[in-house]
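Asks: Please find the sequence and the predicted model below.
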Amino acid sequence: MHRRHQIMLDTAMTFYLPDTLARWPWPRTISPHFGKVDAASAAWFLQFKALQPKSQKAFDRGRFGLLAALAFPRASEEHFLAACNLMRLLFFIDEYTDVSDAAAAREVADIAVDALKNPHKARPEGEIVIGELVRKFWAETIESASAASQRHFIKQFADYIYMVITEAADRDAGICRTIEDYLAVRRGTVATRPSFMPLELPLEIPDEVYFHPVVTKLIDYISELIIIDNDIASYNREQSTGDENHNLITAVMHQFNCDVGSAMAWAAGYHDEIEGKFINGLKAVPSWGPVIDKQLHEYLDGIANWVQANYSWGFESERYHGTRGSEIQRTRIVPLLPREKPNPEVHKDGVIVASIDM
């Protein structure tokens, strides 16, 4: 285990939440457009009537506009609106597919990708709401998107949503993967690459730069840091609802036959290792000339800021710690939630009609 983060549980009913970003060089920042634009984005999402009122209230507690504000603090007002809408779209897909079997997840993926590739084509009558959500989002976003950002987003979104099928198949079979196998799947299902898209909207990063092995590796490192922080934050909620198998902490506990506190310490130590690899990897980025280098630096700085954004949002929203986020951030002590009786979402006519557990 990694000694720097090895802290014993206070009791069998609590665990210690490691401070993984104590040495991360990117500080918390927030968009000046947050209040006004987030309200517009919330109204945009409501027009689709994707959720019943009770579910919508629970969904809103996730404060997905806040995540966008923390992740894209320097975006223009127009691009920040696209970022807010994207966060709501991706988290809605996440909620929808989290209770889908593999066949239903494939249907969602096929519909969403078709809508993305045909943003000006009307969706079929009676289709689930995700089709129109994706179509409308992309039709509006591409009005101010660079050609490169459009190409990259379509690929990265498709890669993400088709990997969700694998997660659903694992859930159907009750599979808990090894750490290595889990991370291979999770790099896709965490949806970081499509989430980074608003950073690219004003940029024209050529494919040979964006897909260069050094750049790809840096993006992978950032994705892993976000995975670790997300899975640390979400473990308590997921273990309480019986949905913890697609989580790094569970994979570590199974592989090393250890308790949750030791698994948290291992994950935090792994976070330290990946941090170092990213910082050192920045020194190996090739030069493509001043114009491209400036754009690439802006993009890499933006994805590095995403790590801090995701971490801060985990405490400032109610998605993982309810109303106790600030207290838990201060004390680092998390009360272990009791196991709940299964209460799955119900999909009916493209609407989630059960309440969303937060």
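Replies: Done, it's in.
Asks: Lys49: which element?
Replies: Assigned by DSSP states H and E, Lys49 falls within no helix or strand.
Asks: quick one: it from Glu140, how far?
Replies: 18 Å (CB to CB, to the nearest Å). C-beta here means a position set from N, CA and C on the backbone, and glycine is covered the same way.
Asks: Look at those two and report which has more neighbours.
Replies: Neighbour totals were compared for Lys49 and Glu140, and Glu140 leads with 16 against 11 (other CB atoms under 10 Å).
Asks: Tell me the first helix or strand C-terminal of the one helix or strand that one maps to.
Replies: Using DSSP H and E, the element containing Glu140 is helix 129-141. Counting by DSSP H and E, the next helix or strand C-terminal to helix 129-141 is helix 147-173.
Asks: average model confidence for that next one?
Replies: Here helix 147-173 scores 96 as its mean pLDDT.
Asks: Flag every buried residue along stretch 56-76.
Replies: Neighbour-count burial for stretch 56-76 flags 56, 58-60, 62-73, 75 (criterion: 16 or more other CB atoms under 10 Å).
Asks: Repeat that for stretch 144-164.
Replies: Result for stretch 144-164 [16+ other CB under 10 Å]: buried residues 145-146, 148-150, 152-154, 156-158, 160-164.
Asks: all strands of the chain, in order?
Replies: Ranges of strands within the chain are 14-16, 333-335, 347-348, 351-352, based on DSSP state E.
Asks: which residues are in contact with the second one?
Replies: Applying CB atoms under 8 Å, 6 or more residues apart in numbering, the set of residues contacting strand 333-335 from outside is 10, 13-17, 236, 321, 328.
Asks: how about a cut-off of 6 Å?
Replies: With CB atoms under 6 Å, 6 or more residues apart in numbering as the test, strand 333-335 has contacts from 14-15, 17, 236, 328.
Asks: which of those residues count as buried?
Replies: Counted by 16+ other CB under 10 Å, the contacts of strand 333-335 give 15, 17, 236, 328 as buried.
Asks: Format those residues as a markdown table; extra columns: pLDDT and distance to Asp172.
Replies: Formatted as a markdown table, the buried ones among the contacts of strand 333-335 follow (pLDDT from 0 to 100; distance: CB to CB, whole Å):
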| residue | pLDDT | distance to Asp172 |
| --- | --- | --- |
| Phe15 | 93 | 29 |
| Leu17 | 96 | 31 |
| Asn236 | 94 | 24 |
| Ile328 | 96 | 33 |
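Asks: Include distance to Gln295 when you put those residues into a markdown table, please.
Replies: Below are those laid out as a markdown table (distance: CB to CB, whole Å):
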| residue | distance to Gln295 |
| --- | --- |
| Phe15 | 42 |
| Leu17 | 36 |
| Asn236 | 40 |
| Ile328 | 38 |
